[in-house]
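Novice: this is a predicted model, with the sequence first.
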There are 2 protein chains.
Amino acid sequence: MPVDGRVARGDATRRIVLRRAVDIASVEGLDGLSLGRLATELELSKSGVFALFGSKEELQLAAVETASAIFTENVVAPTLEVEQGITRLRALCANWLDYSERRVFPGGCFFFNTGAEYDARTGRVHDAVANASRGFAEFIRSTVVAARKAGHLRESVDAKQLAFELHALGRAANADSVMFGGTEAYTLARAAITARLDAAVVP
Amino acid sequence: MPVDGRVARGDATRRIVLRRAVDIASVEGLDGLSLGRLATELELSKSGVFALFGSKEELQLAAVETASAIFTENVVAPTLEVEQGITRLRALCANWLDYSERRVFPGGCFFFNTGAEYDARTGRVHDAVANASRGFAEFIRSTVVAARKAGHLRESVDAKQLAFELHALGRAANADSVMFGGTEAYTLARAAITARLDAAVVP
DNA sequence: AGCATATACGAACGATCGTGCTACCTTCGA
DNA sequence: TCGAAGGTAGCACGATCGTTCGTATATGCT
């Protein structure tokens, strides 16, 4: 498949814009994005940036998609390289906390921030953020289910319940550390996750 | 103490504006507040609303203060009416989840939303939100400490750790229910909190 | 070589933002 | 009764927002 040099140029610019856009959005929110600011910071024309996406909403949706790819690359993909079962479940928690702590996005987890921003609204941006959030929640749950099916977790373990608790602990660590600084929240979350999992594994 | 009819009038208007402001901010964020919109919706003049607060930042700070008062009235105060110890700790969790579920603020917990919005920023609004968040986290912790001191919790219980976990579960319930609707998240959180507390109380 | 396509720019639009300034009205204190 | 003080409205400002339009430039296709 031959490449069109024109759209290749456009895609390159789009990628530059989106990389900056997700960083801004992780700190200031998807509403904090502005065509003019993006153009100024990247030394492009505002109308040029606008033309790349067609509307502000499309830019926001593209930012969510870009953030999804970065999230998958940093959290989901490395987790899937680990053998199924309790080992993968532990890896998932570790990878996720590391992704948050490494500040892959300067404002902490992209989906925590934009999720809180758009949770109570309606429209396409809400739906995109909600779908991404739901997808990760289901990924946690399916990982728990697999670990249980592999015989690593007690029969009595409720997958949905355990997944909810792990998800809650990770989000709280991200929130507290971004808000107050320091790494104590991650220590607390790791301890809680370890204890919770140790109680769930078969003896 | 005699009342000045002039400032009384101003305070009344201020209260009306702030009540609407916290509702808007719980959905659209403190950045989503605008003097013009507030004035239009409440059928006041934009300059009149502006004059009541002096600047947009002061309006945001006043909104945080108002939300703090509402939060205290709905969560902290009823909790303090319960006898110290494990009973109060359980009441705290219940009151907090109820406050979120009852949608005292239409967008769910005010401080969850504005906390995520301002966590990675700097300035007076960030500080105000951070102080309110820290205050509640410390209230949870002190309630745990008191329950432990009362002999209701095992000696081995780490107050900071337990408080972090309870706080995490509550926030996750708020987030999930606002994002996806339904009450399942509250059910999961209540079950997790009950299990966690039952494991911590002295046998 | 020539037409079509896609990126990118510059200028301008209407709307809304936060913020001043001025005037009016009500209430307080002397 | 009269000046001072505080709340409210009207109007205008500069800035920024998203968006539109026309145009220049670079690449692809015939």
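Specialist: Nice, I can see it. Numbering: from 1, shown residues only, chains lettered A, B, ... in the order given.

Novice: just checking, A:A146 touches A:T87?
Specialist: No. A:A146 lies out of contact with A:T87 (C-beta atoms under 8 Å); the separation is 10.7 Å. For every residue, glycine as well, the C-beta is placed using N, CA and C.

Novice: more neighbours: these two, which one.
Specialist: Between A:A146 and A:T87, counting by other C-beta atoms under 10 Å in any protein chain shown, A:A146 is the more crowded of the two (17 against 13).

Novice: now for the helix or strand of chain A with the lowest mean pLDDT, which elements pack on it?
Specialist: Here the helix or strand of chain A ranked lowest by mean pLDDT, DSSP states H and E is helix A:5-28, holding a mean of 93. When contacts are defined as 3 or more C-beta pairs under 8 Å, 6 or more residues apart in numbering or on different chains; DSSP states H and E, helix A:5-28 packs onto helix A:35-42, helix A:46-53, helix A:56-71, helix A:110-118.

Novice: quick one: buried residues of it?
Specialist: By neighbour count with 16 or more other C-beta atoms under 10 Å in any protein chain shown, helix A:5-28 contains the buried residues A:R14, A:V17, A:L18, A:R20, A:A21, A:V22, A:D23, A:I24, A:A25, A:S26, A:V27, A:E28.

Novice: do stretch A:119-133 as well
Specialist: A:D119, A:A120, A:R121, A:V125, A:H126, A:A128, A:V129, A:A130, A:A132, A:S133.

Novice: out of those, name the ones that lie in helices.
Specialist: Here DSSP state H is the test, and the buried residues of stretch A:119-133 give A:V125, A:H126, A:A128, A:V129, A:A130, A:A132, A:S133 as lying in helices.

Novice: among these, which one lies nearest to DNA strand D?
Specialist: A:V125 (12.2 Å; C-beta to the nearest atom of the strand).

Novice: so the closest one makes contact with A:L30?
Specialist: Yes. The pair A:V125 / A:L30 is scored as a contact, 6.2 Å apart, by C-beta under 8 Å.

Novice: find residues that contact each of those two.
Specialist: Counting by C-beta atoms under 8 Å, 6 or more residues apart in numbering or on different chains, the residues touching both A:V125 and A:L30 are A:Q60, A:V64, A:Y118.

Novice: hang on, the earlier thing: quick check: the two most widely separated of the ones in helices among the buried residues of stretch A:119-133?
Specialist: A:V125 and A:S133 (12.6 Å; C-beta to C-beta).

Novice: okay, now A:A200: neighbour count?
Specialist: The burial count for A:A200: 22, using other C-beta under 10 Å.

Novice: so what's it up against?
Specialist: Applying C-beta under 8 Å, 6+ apart, the residues near A:A200 are A:L153, A:R154, A:V157, A:L162.

Novice: need the buried ones from the residues you listed selected in ChimeraX.
Specialist: Entered in ChimeraX, the line below selects the buried ones among the contacts of A:A200, by 16+ other C-beta under 10 Å:
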select /A:153,157,162
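
Novice: the host helix or strand of A:A163 versus helix A:5-28: what angle between them?
Specialist: Using DSSP states H and E, A:A163 sits within helix A:159-180. Interaxial angle, helix A:159-180 versus helix A:5-28 (axes from the mean of the first three to the mean of the last three C-alpha atoms, to 10 degrees): 80 degrees.

Novice: now helix A:159-180: how far from the chain's centre is it?
Specialist: 13 Å (C-alpha atoms, centre = their mean, to the nearest Å).

Novice: what of stretch A:140-148?
Specialist: Worked out by C-alpha atoms, centre = their mean, stretch A:140-148 lies 19 Å from the chain centre.

Novice: next, count neighbours for A:G151.
Specialist: Counted with other C-beta under 10 Å, A:G151 comes out at 11.

Novice: ok, and the closest non-adjacent residue to it?
Specialist: Take A:G151 and drop its neighbours on the chain: the residue closest to it by C-beta to C-beta, 6 or more residues apart in numbering or on different chains is A:V202, 6.8 Å away.

Novice: which residues of chain A lie near DNA strand C?
Specialist: With C-beta under 7 Å from any atom of the strand as the criterion, chain A meets DNA strand C at residues A:4, A:6-7, A:9-10, A:12-14, A:39, A:43-49, A:51-52.

Novice: if we use 10 Å, what do you get?
Specialist: A:4-14, A:16-17, A:35-36, A:39, A:42-52, A:54 (C-beta under 10 Å from any atom of the strand).

Novice: including pLDDT and distance to A:L80, could the contacts of A:A200 go into JSON lines?
Specialist: Below are the contacts of A:A200 laid out as JSON lines (pLDDT from 0 to 100; distance: C-beta to C-beta, whole Å):
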{"residue": "A:L153", "pLDDT": "98", "distance to A:L80": "19"}
{"residue": "A:R154", "pLDDT": "98", "distance to A:L80": "24"}
{"residue": "A:V157", "pLDDT": "97", "distance to A:L80": "22"}
{"residue": "A:L162", "pLDDT": "98", "distance to A:L80": "19"}
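
Novice: closest to chain B among the contacts of A:A200?
Specialist: Nearest to chain B among the contacts of A:A200 is A:L162, at 9.2 Å by C-beta to the nearest C-beta.

Novice: ok, the closest one touching A:V145?
Specialist: No. Taking contacts as C-beta under 8 Å, A:L162 lies outside contact range of A:V145: 9.6 Å.

Novice: so where's chain A shaky on pLDDT?
Specialist: Within chain A, the segments meeting pLDDT under 70 span A:1-2.
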